[in-house]
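*Asks:* Turn this into a structure:
(2 chains)
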Amino acid sequence: MSKPNNDILQGTLSLLVLRALDARGKMHGYALTSHIQRASAELLRVEEGSLYPALHRMEQDGWVRSEWGLTEKGRKARFYSLTPKGERQLVVERESWERLTKGVSRALRYA
Amino acid sequence: MALWHRLFNLFGRTRVSQAIDDELQFHVDERVDELMAGGLSETAARIQAARQFGNATLYKEKTRNLDVSQAFEDLFDDAAYAVRSLGRTPSFTVAAILTLALGIGATTAIYSVVRTVWLRSLPYSAPSGVVRIWEKNSRMGIPQFSASVPNFLSWRERARSFESLVAIQVTNANLTGRGDPERVLSLAVTARFFDTLGIRPLLGRAFAPDEDAPGHARVAMLSERLWQRRYAGDPHLIGRTIPLNGENWTVIGISPVDMGFSSDIDIWQPLTLDPSRENRADHHVLVLGRLKPGISAGQADAELNRLAVQLEREFPNSNRDWRVRLAPALDWIVDREDRSGLLVLLVAVGLLLIVACINVANLLLARASSRVQEFGIRRALGAGRGRLVRQLATESLVLASAGGASGILAALLGVQGLRAILPANVPRAAQLSLDFPVLAMAVALTVVTGLAFGLVPAWLASRLDVQTSVRQARGASGAGRLRLRQALVAGEFALASTLVVSAGLLLASFGRLQAVDLGFQPQNVLTARISLPAARYSYDRTLAFQRDLERELNSISGLQAVGIARNVPFGANGGSMSVGPADGGPGSEQKISAEFQMATRGYFQALRIPLRRGRLFDERDRAPTRSTVLSEGLAQRVWPDGRDPIGRQVRFGDNPLCTVVGVVADVRQRALTEDPAPAAYVPSLFLRDFFVVLRGPGEPAQLAAALRQTVARLDPAQPVFDVRPLGDLRDADSARQRLNAFLTGSFALLALALGAVGVAGVVSYSVIRRTPEMAVRMALGATPERVVRAVTASGLRISLIGLVAGLAGASALGRVMARLLYQVQPNDPAIFGAAAAVLLAAALLASWLPARRIARIDPVTALRKE
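*Replies:* As a prediction, this is how the structure comes out:
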């Protein structure tokens, strides 16, 4: 079974999640995948299987907190939101991401 | 926060798991809604959503793995999986568990014997102060011998090194009263015996210091065994009397089971020493001593030897060249030969244990090799590395635990089996019990082996590249593991070789012992003892009883010979006497110590002791004539110049002269390993305690009934005891050698079987690995025979390396072995050669059987499979 080769780069998932929560506030997991996909103009696809372990890890690291709530459709879902620690982490990850992309594009230009 | 979370999760395991399920379910539900909105039916949407979600179980696990409690839950899952997985390969599982059980069981049982017999300290107070004292005579070639009563009394009177010295004599007693009459082994001991050793009676009291004085009231102690068996442990037995040899003896105490030496003694009686009736040259008591505090065994030895020189001066006739040997009690109870025997058994069983461990290691490695594909697929399906390793480790642990548990069972059975086959005269045989520290050690060793070698493949598997392992399960990936297995198998085969050679030596030695020329033929001979009570049998009545018995027995049809004698070879009634010529030959000064036998004509005929010259006893020799028959060896020593002894006279001790009427072949009287002792026979039979020998046409045990009936007809109150085929007496004499050879032989056989299985395992593995290579060769024109030969040779090479190392190991063991071997050199090339041939044959078979399979390959199929 071939998959489109646009799975999210290892390590960037937490950045995307932090950024999404930063931009949109409280969100459940399913909304997060839809949001990232939409925001990246369908270029990026979050693999569901990696999302939930990542969310739990981030919660244990204290970057996000979670609570159970009801969706508009009345379904019980777990909502995630950013903690102050998560906000600081977002800044750190964003910077390192920019350094990385800058480095990569430079390398590509001069290679 | 994180820690709190985890701890919280630990208590709320189910809730957390439920929460994760809920969350993932919510996700799928949302997806289904979306897909249905896009026009799919609900079923199609669910399928699509599930597919998109992928391996839900794995994600759940990944998410959940963040919880501590998960580790515990996984352990149970793993254990259950391990049991299932082991159950799928029953032959492997059974082989591994059996091997472990064998190793643990055999080691523990043997070590328990060594500890009980040798290593456990003697049950005496300050055991190192207790010594055994022998007399020795280097000119007569006697390294240690019992002491004579007058010498013992002189020591007790003059020696200053001892707190006390005690004399012991082994006797038998007829025990009657309620229940069947029985013959029991009794030790007559001087009164201070129990104080000297520091053994307290279990019940009642030990002998008072004056209770061995002549004329003292008859008091006896019973062993706990007899007390329990015959008197049901009745505490009121103390103070009551029991009939021993027709006299009433008062029971004063019960001795404990563990006396330090052999466990088959049932009665203790005081030994009354009467110097007026003793001969200083008659060595027949066993002497033990308790050293004074601060006196070493060496000092005591020196003092006794100074005393021996004094006594030699005072009693030159009896004490010429007699000196003293003194050794700690444990050296007497477990002598050098016993120790070597135990040591060899210990080494043998230790080697077996190592072989068993290697075998299990090998089985585990082989199993892991054959499961590379399984691991690969499970990795591909999403099993985590750690999880795989953990699972393999759990499997090894489950296996090792099962092996350990069966090992404990095997050890219990082994100890019980050994208790049944240990000769009764093995010291403390009755106290043999399972040794827990060594059981724990053996179990721990095998469990550690199981774990270690279970983890090696686990570790290797965790490094596997999924694709390679799935595609090339039979490819080069197993090369490292193969080398490890080859090394293990070579080591295993080496140890097995050492064991096989050692067992070969012991078996050969036992074979020589069995084939030794006894000087008589024990087959078809029944022996029995009769002990006439002095109260009812005078001199004349004794002789009349013996004459009647011989006549009655001779009238039974089918009996070939009937004889009566003081003793039989390997019997318990021997005695010696000094012999010298009366006619002033060259040896006249020199008295020779000879076995002194009293025997009728029928005795020689029943045992088929060949007559060399002259005649056997006949009617002319009825008492009180003075005729004697000498053994060849004795005749030669009395008249070294080769004169014809017939008609010459000899003197026994201080008795009147006897005339030699015949010369018979030398007979091994005392032990198979001892050269035949010089022997003198006289026809006089004034003996109330004697042996009857019967030679029949077949199975000697069948003669027992006729013998008992005949005796009962002559005297209904007279018991017949120790009724045994003469062959059994001979076998009893070699019981320890037989046991050693049997046990070592069994261990060697097991080790050889395990070693061969190891070789076969490595060869079959290399057959699987080399199938493509061999297919190519065969496609290129190699004949199947050549291919099989090549694979067989690879197995043989490993075995050969092991064999050479094993032979070297066996010759290194030679020094210990030498003491156990009878007429066999520890480096006997014939035995080494024969053992090597057996081992090579086993190796060849173990290599060829699996190698043969490769000839059946169809090259085309094999190559296409690649």
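*Asks:* quick one: residue B:494 and residue B:800 touch, right?
*Replies:* No - between residue B:494 and residue B:800 no contact is recorded; they are 10.4 Å apart, counting by CB atoms under 8 Å. Placement of C-beta: from N, CA and C, glycine included.
*Asks:* So for those two, which sits in the more crowded spot?
*Replies:* residue B:494 (24 against 17; other CB atoms under 10 Å in any protein chain shown).
*Asks:* Mind listing what's buried along the strand or helix carrying that one?
*Replies:* Using DSSP states H and E, residue B:494 sits within helix B:479-515. In terms of neighbour count (16 or more other CB atoms under 10 Å in any protein chain shown), helix B:479-515 has its buried residues at B:481-482, B:484-486, B:488-510, B:513.
*Asks:* do stretch B:26-45 as well
*Replies:* Of the residues in stretch B:26-45, those with enough neighbours to count as buried (16+ other CB under 10 Å) are B:26, B:27, B:28, B:29, B:30, B:31, B:32, B:33, B:35, B:36, B:40, B:45.
*Asks:* For the residue nearest to the third one when sequence neighbours are not counted, I want the exact helix or strand it lies within.
*Replies:* For residue B:28, the nearest residue in space outside its immediate sequence neighbours is residue B:49; the separation is 5.0 Å by CB to CB, 6 or more residues apart in numbering or on different chains. Taking DSSP H and E as the criterion, residue B:49 maps to helix B:42-53.
*Asks:* now for that helix, which elements pack on it?
*Replies:* Counting by 3 or more CB pairs under 8 Å, 6 or more residues apart in numbering or on different chains; DSSP states H and E, the packing neighbours recorded for helix B:42-53 are helix A:48-60, helix B:13-37.
*Asks:* So for it, mean pLDDT?
*Replies:* For helix B:42-53, mean pLDDT is 74.
*Asks:* ok, back up a step: now do the helix holding residue B:494: distance to the chain's middle.
*Replies:* The gap between where helix B:479-515 is centred and where its chain is centred comes out at 19 Å by CA atoms, centre = their mean, to the nearest Å.
*Asks:* Which secondary structure elements does that helix sit against?
*Replies:* Judged by 3+ CB pairs under 8 Å, 6+ apart, the packing partners of helix B:479-515 are helix B:336-370, helix B:436-462, helix B:735-779, helix B:784-812, helix B:814-818, helix B:829-852.
*Asks:* Skip ahead from that helix and say which helix or strand is next.
*Replies:* Sequence-wise, the next helix or strand beyond helix B:479-515 is strand B:525-531, with elements assigned using DSSP H and E.
*Asks:* next SSE after that following strand?
*Replies:* Toward the C-terminus, strand B:525-531 is succeeded by helix B:539-554 as the next helix or strand (DSSP H and E).
*Asks:* what's the angle between that following helix and strand B:525-531?
*Replies:* Here helix B:539-554 runs at an angle of 150 degrees relative to strand B:525-531 (axes from the mean of the first three to the mean of the last three CA atoms, to 10 degrees).
*Asks:* From the contact counts, what lies against helix B:539-554?
*Replies:* Helices and strands touching helix B:539-554, by 3+ CB pairs under 8 Å, 6+ apart, are strand B:561-565, strand B:689-695, helix B:704-714.
*Asks:* Chain A is nearest to which of the ones you listed?
*Replies:* Closest approach to chain A among the helices and strands packed on helix B:539-554 (CB to the nearest CB): helix B:704-714, 85.5 Å.
*Asks:* Taking strand B:689-695 as reference, get the angle to that closest one.
*Replies:* Here helix B:704-714 runs at an angle of 130 degrees relative to strand B:689-695 (the same axes, to 10 degrees).
*Asks:* Quick one: mean pLDDT for stretch B:160-176?
*Replies:* The model assigns stretch B:160-176 a mean pLDDT of 88.
*Asks:* Only the buried residues of it, if you could.
*Replies:* For stretch B:160-176, a neighbour-count test (16+ other CB under 10 Å) marks B:161-162, B:164-169, B:172-176 as buried.
*Asks:* go on, stretch A:84-95?
*Replies:* Within stretch A:84-95, the residues scored as buried using 16+ other CB under 10 Å are A:86, A:89, A:90, A:93.
*Asks:* So what's the gap between it and the chain middle?
*Replies:* Computed by CA atoms, centre = their mean, the separation of stretch A:84-95 from the middle of its chain amounts to 12 Å.
*Asks:* Can I get the helix or strand hosting residue B:330 as CSV, trimmed to CA atoms?
*Replies:* Secondary structure here is read from DSSP H and E; on that basis residue B:330 sits in helix B:329-333. Only the C-alpha atoms of helix B:329-333 are listed here, as CSV (Å, rounded to 0.1, in the frame of the first residue of the first chain):
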residue,chain,number,x,y,z
ALA,B,329,38.5,-39.9,62.8
LEU,B,330,37.2,-38.5,59.5
ASP,B,331,40.2,-39.9,57.7
TRP,B,332,39.2,-43.3,59.0
ILE,B,333,35.5,-43.0,58.3
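*Asks:* ok, back up a step: list just the nearest of the buried residues of stretch B:26-45 to chain A.
*Replies:* residue B:30 (4.0 Å).
*Asks:* gap between that closest one and residue B:49?
*Replies:* With the distance defined as CB to CB, to the nearest Å, residue B:30 ends up 9 Å from residue B:49.
*Asks:* ok, now residue B:633?
*Replies:* Taken as CB to CB, the spacing of residue B:633 relative to residue B:49 amounts to 104 Å.
*Asks:* Kindly report the same for residue B:764.
*Replies:* Counting by CB to CB, the gap between residue B:764 and residue B:49 amounts to 48 Å.
*Asks:* what does residue B:358 give?
*Replies:* 54 Å.
*Asks:* okay, the two: which has more neighbours?
*Replies:* Ranked by neighbour count (other CB under 10 Å), residue B:358 and residue B:49 place residue B:358 first, with 27 against 21.
*Asks:* The more buried one and residue B:758 touch, don't they?
*Replies:* Yes - using CB under 8 Å, residue B:358 is in contact with residue B:758, at 7.0 Å.
*Asks:* Mutual contacts of these two, please.
*Replies:* Between them, residue B:358 and residue B:758 share the neighbouring residues B:488, B:489, B:492, with contact defined by CB atoms under 8 Å, 6 or more residues apart in numbering or on different chains.
*Asks:* How about the last one: what's its closest non-neighbour residue?
*Replies:* Right, residue B:492. Among residues not flanking residue B:492 along the chain, residue B:358 sits closest, at 4.3 Å (CB to CB, 6+ apart).
*Asks:* just the strands in chain A please.
*Replies:* Using DSSP state E, the strands found in chain A span residues A:27-28, A:64-70, A:76-82.
*Asks:* How about residues contacting the last one?
*Replies:* Taking contacts as CB under 8 Å, 6+ apart, the residues outside strand A:76-82 that touch it are A:17-18, A:21-22, A:25-30, A:32, A:55, A:59, A:63-71, A:90, B:19, B:22-23, B:26.
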